[in-house]
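*Asks:* Quick one, fold the following:
(one chain, ligands or ions: 2)
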Amino acid sequence: MKIKNFISVVFLLIMASVLLLSFNYRKTSNSNNLNAEQRMKNGRKIVLGLCAGCHGSEDGKLAGKHMKEMPGMVGKIIAPNITNSVENGIGKYTREQLRILLRTGIKSDGKRSFPLMPYFPLMSDDDVEGIIDFLQSADYAVQASEQNLGKLKLKFVGRMWAKSVKAGKIPQSRIENPDTNNTMEYGKYLTDAVYRCFECHSGTMKVNFENPRKTKKYNAGGAKMADMDKKKVYSRNITPHKETGIGNWTLEDFTKMMRNGVRKNGRNSRFPMLAFPLMSDNDIKSIYTYLMSVPPIKHKVKEYVPK
Ligand code: HEC
Ligand code: HEC
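*Replies:* Numbers count the residues shown, from 1 in each chain. Ligands and ions are numbered 1, 2, ... in the order given. Below you'll find the predicted structure:
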């Protein structure tokens, strides 16, 4: 066999195996629809882990909260009662209205919700349905509460903020579930589509909701926020940069932070960073794997320690 022919045969063989591999990959990552029980389980985890951070009341329900930590110049911000009360909660919302709110941020009254309320253009259809399943379930957290904290009252800065973030669009086609065994893919999904870490951690109000990684300084930290006592707190650099990010964090360090809210420097993390006790080991490992794979950005964030 001439050397030239030999090379083209080898080339063809490589191409064929690449094709076969990608076919296989496609097949395994084309994840199945979740059954009703798995859907509810995911919905519960998301609602109690994420939504409760704002809507949770002291009785362990989702009866709403006056978000007193918001700077006064934004206005009076209420995360409303989202229990099943028809009168004071979201008992009147249909499934379709909840779907629209979760995808686009548009409320049942047709108005855009104040943008502190997140929307989820990249979440899988099953997870959106799971959230709705849970909101309409008989679980204690959503059983009707008649607490009514009144309406939001926006001041000038709040109104400008509200205007600066536009509503989302309903996805054109079904969004499949990520493959939970593929830590990279699943981690990206949890980070960008569900928990939306980039929203606080990119240090800018101009985030790209449809394509989070296109957000400038993606995950490099520096947004100035306020904790429960109105003390300032800066979102941290969570890119894998060794000196200024979390490049030196082990999976154990990261797990302690996500599950118990304890940072590598030993301090308890302050609000609005939440701890996620309901996340599984696989959830945390996947988020970690993904975060460690994004471009490191050198950006030193100030540390403010309240006295
Ligand atoms: C960062 C805080 C925050 C988080 C997290 C959050 N919300 Fe909200 N939510 C708000 C605020 C503030 C409003 C009020 C918006 C308005 O009325 O303009 C709101 C409004 C709503 C409403 C509309 C209520 C009504 O009376 O029309 C629903 C339903 C809702 N949220 C559900 C959820 C669900 C489900 C999640 C989790 C997937 C969630 N929220 C996460 C802050 C939050
Ligand atoms: C609502 C805003 C917000 C969201 C959403 C958010 N964070 Fe944070 N995060 C913060 C703030 C603010 C701090 C700093 C807390 C402090 O200094 O006590 C922080 C701290 C951290 C730290 C500690 C870093 C260090 O240097 O000690 C890690 C790690 C972290 N966040 C990861 C995440 C991940 C992963 C997600 C998504 C699953 C996420 N955060 C979502 C606001 C947020």
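
*Asks:* Would you mind measuring from residue 234 to residue 262?
*Replies:* Noted for residue 234: a distance of 18 Å to residue 262, by CB to CB, to the nearest Å. For the C-beta atoms, the positions are set from N, CA and C on the backbone; glycine is no exception.

*Asks:* who's in contact with the residue most central in space within the chain?
*Replies:* With distances taken as CA atoms, centre = their mean, residue 195 lies nearest the centre of the chain, 1.5 Å away. Counting by CB atoms under 8 Å, 6 or more residues apart in numbering, residue 195 touches 49-50, 276, 287.

*Asks:* Restricting to those residues, which residues neighbour ligand 1?
*Replies:* Among the contacts of residue 195, the ones lying near ligand 1 by CB under 6 Å from any ligand atom are residue 50.

*Asks:* Now, the contacts of residue 195 that are in helices?
*Replies:* Of the contacts of residue 195, the ones assigned to helices by DSSP state H are residue 287.

*Asks:* closest to ligand 1 among the contacts of residue 195?
*Replies:* Taking CB to the nearest ligand atom as the measure, residue 50 is the one of the contacts of residue 195 closest to ligand 1, at 5.0 Å.

*Asks:* and residue 270, what does it touch?
*Replies:* Per CB under 8 Å, 6+ apart, neighbours of residue 270: 227-228, 231, 233, 306.

*Asks:* how about 7 Å then?
*Replies:* Residue 270 makes contact with 227, 233, according to CB atoms under 7 Å, 6 or more residues apart in numbering.

*Asks:* can you pull the pLDDT of it?
*Replies:* At residue 270, the predicted lDDT confidence score is 94.

*Asks:* Please renumber the chain so that the first residue is 112 from this point on.
*Replies:* Done: numbering now begins at 112, and the last item shifts to residue 381.

*Asks:* any idea how far it lies from residue 289?
*Replies:* Distance from residue 381 to residue 289, by CB to CB: 30 Å.

*Asks:* returning to that earlier point: who wins for most neighbours among the contacts of residue 306?
*Replies:* residue 398 (26 neighbours; other CB atoms under 10 Å).

*Asks:* Could you check how far that residue is from residue 225?
*Replies:* Counting by CB to CB, the gap from residue 398 to residue 225 is 27 Å.

*Asks:* in what helix or strand does the closest residue to residue 310 other than its chain neighbours lie?
*Replies:* Nearest residue to residue 310, sequence neighbours excluded (CB to CB, 6 or more residues apart in numbering): residue 318, at 5.4 Å. Counting by DSSP states H and E, no helix or strand carries residue 318.

*Asks:* pLDDT value on residue 318, please?
*Replies:* We have a pLDDT of 86 for residue 318.

*Asks:* the helices in the stretch 112-261 of the chain, which residues?
*Replies:* Using DSSP state H, counting those that start in this stretch, the helices of the stretch 112-261 of the chain run over 114-140, 147-157, 163-166, 206-215, 236-246.

*Asks:* mean pLDDT lowest for which of the ones you listed?
*Replies:* Among the helices of the stretch 112-261 of the chain, helix 114-140 carries the lowest mean pLDDT (a mean of 53).

*Asks:* Stretch 175-191 close to ligand 2?
*Replies:* No. Using CB under 6 Å from any ligand atom, stretch 175-191 never reaches ligand 2; the gap is at least 10.8 Å.
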